[in-house]
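# requesting a structural model of the entry that follows:
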Amino acid sequence: MTRDASISRSVLSDQVKDRLLQAILDGRYPPGARIVETRVARELGTSQAPVREALRDLEALGVVETTAFRGARVRRLSADELLEAFAVRAQLESLAARLAIPRLAESDLDELDGLIREMREAADDGDVHAEAVADAAFHGRLVELSGNTTLQRVWRTLEPYSRTYITIVAPGADRRALADHHLPVLEALRRGDPDLVTDVLRRHFDDAAAVIARSAAEPTAAGDDRAPGPVPATAAAALQDATARAHRRAPAPALAAAERSS
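Purely as a prediction, here's the structure:
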């Protein structure tokens with residue numbers, strides 16, 4: 001095989017991987033669903049080789065699992081994996097928000113506000129998938145606004161975990177409350193306070209982790225309230241305690257150093 005042919009196949013494999021990952025995130029391949037190489041190759045008009053390579057890459061990301069004689073399936077992410085991913089995301093998105101604040105325009109804040117409205121509308125309609133998509137878009141846009149391409153690349157590897165969180169919450173959860181928990185994040189960004197937005201984002205992920213932990217620990221308990229606590233009528237009210245705590249501490253050294261070097 002020539003070098004040019006090798007590069008061409010590698011590029012094609014990346015394209016197939018992106019298409020498959022999007023199909024998984026969009027719910028076309030739900031957890032446990034088989035991904036048949038021949039079928040994907042036929043649908044995308046390619047040979048099986050780039051599909052096989054794409055599946056290996058997705059397996060490395062933890063999205064797909066391959067077993068002998070059964071082929072590839074979309075993995076069901078465990079609560080432990082989600083909790084680990086949320087710990088990492090809290091750090092990544094806190095840094096992203098700090099980097100984004102000096103760059104934010106009013107139109108950016110309006111865009112984030114619009115995504116919260118999409119979450120709330122999806123929650124009211126009972127559309128779990130649409131809420132998960134809007135939730136991931138909100139966090140993804142926040143990371144993009146940092147202007148740090150390395151940070152964006154690392155965050156994207158965790159996107160499947162981001163969307164899975166919404167879909168594993170118990171059916172009785174208050175999904176409107178899940179959407180409204182993004183309001184304090186937006187308000188902190190509007191205030192342009194790096195310490196405050198870091199504190200609010202960490203609380204946001206702490207709340208999400210608590211939901212996952214309760215859902216895993218008591219999957220069938222009657223009357224289990226697995227939604228985060230109620231959100232005050234205004235985002236500003238939700239920030240009162242966070243503001244006091246954020247202003248009592250300096251930014252983490254690693255974050256400050258990263259900001260200075262950006």
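# what stretches of the stretch 101-250 of the chain score poorly on pLDDT?
In the predicted model, the stretch 101-250 of the chain carries pLDDT under 70 at residues 162-173, 215-250.
# helix or strand: which one has G114?
G114 is part of helix 106-125, with elements assigned from DSSP states H and E.
# what distance do you get for L109 to T67?
46 Å (Cβ to Cβ, to the nearest Å). For glycine as for every other residue, the C-beta is placed from the backbone atoms N, C-alpha and C.
# and the nearest residue to L151 once chain neighbours are set aside, how many neighbours?
Excluding the flanking residues, the one nearest L151 by Cβ to Cβ, 6 or more residues apart in numbering is A96, at 5.7 Å. Residue neighbour count, defined by other Cβ atoms under 10 Å, stands at 26 for A96.
# just checking, A96 touches T149?
No. Using Cβ atoms under 8 Å, A96 is not in contact with T149; the gap is 11.6 Å.
# what's around E84, how many residues?
When neighbours are defined as other Cβ under 10 Å, E84 has 14 of them.
# give me the pLDDT value at it.
Among the per-residue scores, E84 holds a pLDDT of 88.
# check which helix or strand covers it.
helix 79-100.
# quick one, that helix and helix 106-125 angle?
If you take axes from the mean of the first three to the mean of the last three Cα atoms, to 10 degrees, helix 79-100 sits at 150 degrees to helix 106-125.
# tabulate the CA atom coordinates of helix 79-100 in CSV.
In CSV, the C-alpha atoms belonging to helix 79-100 read as follows (Å, rounded to 0.1, in the frame of the first residue of the first chain):
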residue,chain,number,x,y,z
ALA,A,79,-22.4,4.9,37.1
ASP,A,80,-18.7,4.7,38.2
GLU,A,81,-17.5,5.7,34.7
LEU,A,82,-19.9,8.6,34.6
LEU,A,83,-18.8,9.8,38.1
GLU,A,84,-15.2,9.7,37.0
ALA,A,85,-16.0,11.6,33.8
PHE,A,86,-17.9,14.2,35.7
ALA,A,87,-14.9,14.8,38.0
VAL,A,88,-12.8,15.5,34.9
ARG,A,89,-15.4,17.6,33.2
ALA,A,90,-15.8,19.8,36.3
GLN,A,91,-12.1,20.7,36.0
LEU,A,92,-12.2,21.1,32.2
GLU,A,93,-15.3,23.3,32.1
SER,A,94,-14.2,25.4,35.1
LEU,A,95,-11.0,26.2,33.2
ALA,A,96,-13.0,26.8,30.0
ALA,A,97,-15.3,29.2,31.7
ARG,A,98,-12.4,31.2,33.2
LEU,A,99,-10.8,31.5,29.8
ALA,A,100,-14.1,32.3,28.1
